[in-house]
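Trainee: have a look at this prediction, sequence included:
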Amino acid sequence: MIVALLYTVDSADFLFLQRETGLSKGNLSVHLAKLEQAGYVRIEKTYRGKSPLTLCSLTETGKEAFQYYWCSLHHLVAATGNSDEPPAIMPAPAG
Amino acid sequence: MNPVPDLSQRTRRYWMIDGLPELLIGSIFLFTGSVQLILLSAPANIADWTNLLLPLALIPLILLGRTILHALKIRITYPRTGYVAYRQPPRWQRALGGLVGIGVGIALANLTFNVQLAEAWMPVLMGATLAAGLGYLGAYLGMRRFYALAAFVTALGIFMHWTPVNGFLGASLVIATAGAWMLISGSVTLYRYLQHTSIEVS
């Protein structure tokens, strides 16, 4: 869910991800740390005015991994004959 | 089900979560429609000049509106529900969007001044143009209230055509009414957003 969300944007902050995923702060922190370790997510800690801001974005490796994951999932679903959706080399959405 | 288009639409919709962009667009529509309405009662020579200057006045107004919107988002939205940076569309896509906008503008001007479209049809044309834009926005963001507004301005344009308030006066009223609707719906959205969210302490 975190990677899928980050795939659709350029970057998002911790608060947005927490709200969209419904995870607790601690839980989300752990997930993000693991994704960062795997090289899928880039985490930048900065400030907006006096407030700390944690910005997260997908790395190229993360994007490729997500595309690969999505293609695999699609082919798996297609193989069961339950897919009526177009196949899936999925370009990163713009805008 | 493919979850990514749904998530893309959800993240795009997030931009409208606080009603602020709607307030900005509504203000611009209401300003444009109201100025046109005032100009219709002004002497012809003043109205002609101001009609030419209005589109030029709109550019700084839109730029100023964007700056104010950004400042308000920093103050109101980001501390409550978080910050998202959207991907910028590729340059060719932005250029294509600009060309389509210019094309629509030229087509409308041509319909208005060269084809000698009966003046009584102006509200219908304006309503249909606004409805097309709002319908696109509704589909892009997956927000039903824009479809409702599109249907309303179409109906209003057709209604104005059959009333004595047709012609340019009717078209201006369609723009101003669409702006007023957006201001109301933006205000309600902002009120509900502020009621249901609070500033998160880091």
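Mentor: That came through, no problem.

Trainee: so residue B:193 sits against residue B:17, correct?
Mentor: Yes. Using C-beta atoms under 8 Å, residue B:193 is in contact with residue B:17, at 6.3 Å. From N, CA and C alone the C-beta is placed, and that goes for glycine too.

Trainee: quick one: contacts for the residue nearest the centre of chain B?
Mentor: Compute the mean C-alpha point of chain B, and by C-alpha atoms, centre = their mean the closest residue is residue B:25, 4.5 Å away. Applying C-beta atoms under 8 Å, 6 or more residues apart in numbering or on different chains, we find residue B:25 in contact with B:179, B:182.

Trainee: for chain B, what's its nearest residue on chain A.
Mentor: Per C-beta to the nearest C-beta, residue A:16 is where chain A lies closest to chain B, at 2.8 Å.

Trainee: which non-adjacent residue is nearest that residue?
Mentor: Leaving aside its sequence neighbours, residue A:16 sits nearest to residue B:82 (C-beta to C-beta, 6 or more residues apart in numbering or on different chains; 2.8 Å).

Trainee: the one you found - how many residues pack around it?
Mentor: The local packing of residue B:82 (other C-beta atoms under 10 Å in any protein chain shown) involves 20 other residues.

Trainee: and the pLDDT for residue B:84?
Mentor: pLDDT, residue B:84: 91.

Trainee: hey, what's it bridged with?
Mentor: residue A:12 (DSSP bridges).

Trainee: okay, now it: neighbour count?
Mentor: 22.

Trainee: now the strands: where do they sit in chain A?
Mentor: A:11-13, A:41-48, A:51-58 (DSSP state E).

Trainee: where's residue B:198 relative to residue B:10, distance?
Mentor: Counting by C-beta to C-beta, to the nearest Å, the gap from residue B:198 to residue B:10 is 22 Å.

Trainee: who has more neighbours out of the two?
Mentor: residue B:10 (15 against 9).

Trainee: dihedrals phi and psi, that one?
Mentor: Note on residue B:10: its backbone torsions stand at phi -60, psi -40 [degrees, to the nearest 10].

Trainee: pull the contacting residues for it.
Mentor: Per C-beta under 8 Å, 6+ apart, neighbours of residue B:10: A:8, A:20, B:142.

Trainee: columns distance to residue A:50 and pLDDT on top of those residues, output as TSV?
Mentor: What follows is the contacts of residue B:10, written out as TSV (distance: C-beta to C-beta, whole Å; pLDDT from 0 to 100):
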residue	distance to residue A:50	pLDDT
A:8	30	87
A:20	25	88
B:142	36	87
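
Trainee: closest to residue B:92 out of the residues you listed?
Mentor: residue A:8 (20.6 Å; C-beta to C-beta).

Trainee: check contacts around residue 9.
Mentor: Here I'm looking at chain A. A:57, B:11, B:84, B:85, B:86, B:87.

Trainee: nope, chain B
Mentor: B:140, B:141, B:142.

Trainee: re the thing from before, closest one of the contacts of residue A:9 to residue A:70?
Mentor: residue B:11 (16.6 Å).

Trainee: for the closest residue in space to that closest one that isn't next to it in sequence, grab the count of nearby residues.
Mentor: Once flanking residues are discounted, residue B:11 sits nearest to residue A:8: 4.8 Å by C-beta to C-beta, 6+ apart. Other residues within reach of residue A:8, judged by other C-beta under 10 Å, total 23.

Trainee: do residue A:6 as well
Mentor: 27.

Trainee: now swap in residue B:176 and tell me
Mentor: Residue B:176, neighbours per other C-beta under 10 Å, totals 19.

Trainee: grab the nearest non-local neighbour of it.
Mentor: Residue B:176's closest residue in space is residue B:33 (C-beta to C-beta, 6+ apart), at 2.8 Å.

Trainee: pull the longest helix from chain A.
Mentor: Ordering each helix of chain A by length in residues (DSSP state H) puts helix A:60-79 first.

Trainee: what about the helices in chain B?
Mentor: Under DSSP H, chain B gives helices at B:3-14, B:20-40, B:44-72, B:78-81, B:91-113, B:122-141, B:144-161, B:167-196.
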